[in-house]
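**Q** Structure here, sequence nowhere to be found:
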């Protein structure tokens, strides 16, 4: 075990390619000196480690958890009924201090439910939120919430802004993050009753609030933290993923029409691949869940070994930068009384 | 004047490049046999026609309107205070029957306000909505509302679905349009209270309702009509526009890194241009405002001559296919009483 670094608990059963891809990613992380605890049915996990010829000298532990939350399971019910599930076991390792953080590419609703249930919300934070790093012309703005909270009150948006500010400063090293609320126009008369109340509270906050930003500003990189409700955030991420796919497909279609363009496509393929990397979730490995008492990375359902490895690295960074504690402190410091009910 | 086709009223003062681009587009439309009435300060419009050497034989009339709604004007106030404004004058020509429809790339809030104020809502329709045609892997699905109604009740979403169905059938020739409500997941437990109530009502409607669709389904072309509130719709359109711009910029950046890729880019440039055309609003010219008593096309603020010409053509099609009357009839026929308050 590498001294000084507590291991990250990894849900061995999470994601479409579990446990093979997860174990593979965990081995890669361990080889880079990042200790992990693989959590799942012990025999199956050990069998997979053996199959992949993991060296016994690597910093990998195995923690038994007999049950698995399926993608179709109802999150709350799964947490209550499958008490021995691997997601919950990961969170228990974090709570007891045996692990510094956790990573799961399983049922994301169950991961959120487990986080709140086992770790608890960070102090004054009412709603934990999922953060996503966006590709942008310059910088790497963060968008939250991208799916944890479908309907939000103004206080939630304000707390998303606080949490995004902490992430941007500590993890990304942005010195004074510029914060904006997503709306359908820049004028303060735009937006909904919820966004207007959130914007008014953020004006009075210690954050560097820039007012509203629009959909077109999201990828420009002129703001660092953008907050929205989890419905809109989820739709944005999914539309963007599919638009990039469409661009690629359409380019291929157009290109097969002429020999000259085909040659062009072959020659510029590397450039397209290199661009797609910027949009690729496997580079980030997962989306952090902010606002709970611990480090939690939610992986994409289609997580590959590389995504798992990146997520383990991200969880380590998250812990190193003490993100959960800082969020707790900041939410305590700025608690807009008027927005509470 | 071409016999049998009533002219389309065109707001000569609408858009960033007015009146030059608008007059240019109107001349092009007239040359293609589509009669127009240019509406704006008469001397200025006639001066522009002269400068552009428009032939007197073209089917172009000029209607004087002394005032102009600026982009920064408050829509409702502008409609009340600037009684002689060009947007309002266009709608009055439609109401009197002198024009068959109208096109404006001016202050879109003022266009919507003017439409409701002068033409009125189509029968049972509570909220007119703006429709946008999406590029897709197959087909050309329509999304509405993309900006007219920031906050929506279930009845509004249901009526957007009815209106989109009419558009898809009549203008796009889709025989039985597949209709979906946009949400953050496909399961009926997802979405907000508003989307769930709308989906339940659409289940009982005569429409071919497919349930929820997600952000990633938007561009696949497996549904023909997608409804959402104007906040989400606006954000989606703007994120998509800027993402395509980002892809292009990023490809250029990546490409300048290697000579081989540069050659590739030069060779595949035509393919990219051809793809962008599919996303280009100037091809459609404008977004129709559905649910008012008349044909109204809202142009992009940056409308070029080509966009204006396309919008005039779209307005003519809209009238030819009797879209407003069909919407009126359909909203009458299916008025879910339970959703009214």
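**A** Looks like it came in fine. Since the structure is predicted, the reported quantities are computational estimates derived from the model, not experimental observations. Residues are numbered from 1 along each chain as shown, chains lettered A, B, ... in the order given.

**Q** alpha carbons only for contacts and neighbour counts from here, please
**A** Noted.

**Q** All the strands of the stretch 151-300 of chain A, residue numbers only.
**A** Here the stretch 151-300 of chain A has its strands, by DSSP state E, counting those that start in this stretch, at A:178-182, A:208-213, A:225-227, A:287-290, A:295-298.

**Q** Paired strands for the third one, with orientation please.
**A** For strand A:225-227, the paired strands and their directions (DSSP bridges) read strand A:142-144 (parallel), strand A:178-182 (parallel).

**Q** buried ones in it?
**A** A:225, A:226, A:227 (16 or more other CA atoms under 10 Å in any protein chain shown).

**Q** do the same with the fourth one
**A** Of the residues in strand A:287-290, those buried by neighbour count under the rule 16+ other CA under 10 Å are A:287, A:288, A:289, A:290.

**Q** closest to chain B among those?
**A** Closest approach to chain B among the buried residues of strand A:287-290 (CA to the nearest CA): residue A:287, at 16.5 Å.

**Q** ok, the closest one touching residue A:301?
**A** No: contact criterion CA atoms under 8 Å: residue A:287 and residue A:301 do not qualify, at 11.6 Å.

**Q** And the residue most central in space within chain A, how far from residue B:331?
**A** Closest residue to the average C-alpha location of chain A: residue A:287 at 0.8 Å, with CA atoms, centre = their mean. From residue A:287 across to residue B:331, the span is 43 Å (CA to CA, to the nearest Å).

**Q** Let me see the ranges of the helices in the stretch 101-250 of chain A.
**A** Taking DSSP state H, counting those that start in this stretch, the helices of the stretch 101-250 of chain A run over residues A:108-114, A:154-170, A:193-203, A:230-255.

**Q** can you tell if the longest one touches chain B?
**A** What it means is helix A:230-255. Yes: applying CA under 8 Å from any CA of the partner chain, one finds helix A:230-255 touching chain B at A:231-232, A:234-244, A:246-247, A:249-251, A:254-255.

**Q** Please, which helix or strand holds residue A:30?
**A** Using DSSP states H and E, residue A:30 sits in helix A:20-31.

**Q** Could you dump the strands paired with strand A:225-227 into CSV and include mean pLDDT?
**A** CSV is the format used below for those (pLDDT from 0 to 100):
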stretch, mean pLDDT
strand A:142-144, 96
strand A:178-182, 98
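
**Q** Most tightly packed of these?
**A** Each of those was assessed for mean neighbour count using mean count of other CA atoms under 10 Å in any protein chain shown. The highest is strand A:142-144, with a mean of 28.

**Q** need the contact list for the residue nearest to the centre of chain A.
**A** Contacts for residue A:287 (CA atoms under 8 Å, 6 or more residues apart in numbering or on different chains) come out as A:130, A:131, A:132, A:133, A:297, A:298, A:299.

**Q** need the contact list for the fifth one.
**A** Contact analysis of residue A:297 by CA under 8 Å, 6+ apart lists A:102, A:103, A:104, A:286, A:287, A:288, A:289, A:311, A:314, A:315.

**Q** change it to 10 Å
**A** Contact analysis of residue A:297 by CA atoms under 10 Å, 6 or more residues apart in numbering or on different chains lists A:10, A:101-105, A:108, A:111, A:130-131, A:284-290, A:308, A:311-312, A:314-315, A:318.

**Q** Filter those down to the buried ones.
**A** A:10, A:101-105, A:108, A:111, A:130-131, A:284-290, A:308, A:311-312, A:314-315, A:318.

**Q** Any regions of chain A where pLDDT drops low?
**A** For chain A, residues meeting the criterion pLDDT under 70 lie at A:1-4, A:250-284, A:336-338, A:340-341.

**Q** quick one, domains of it?
**A** Domain assignment of chain A by automatic domain parsing yields the ranges A:1-125+A:291-341, A:131-240+A:268-280.
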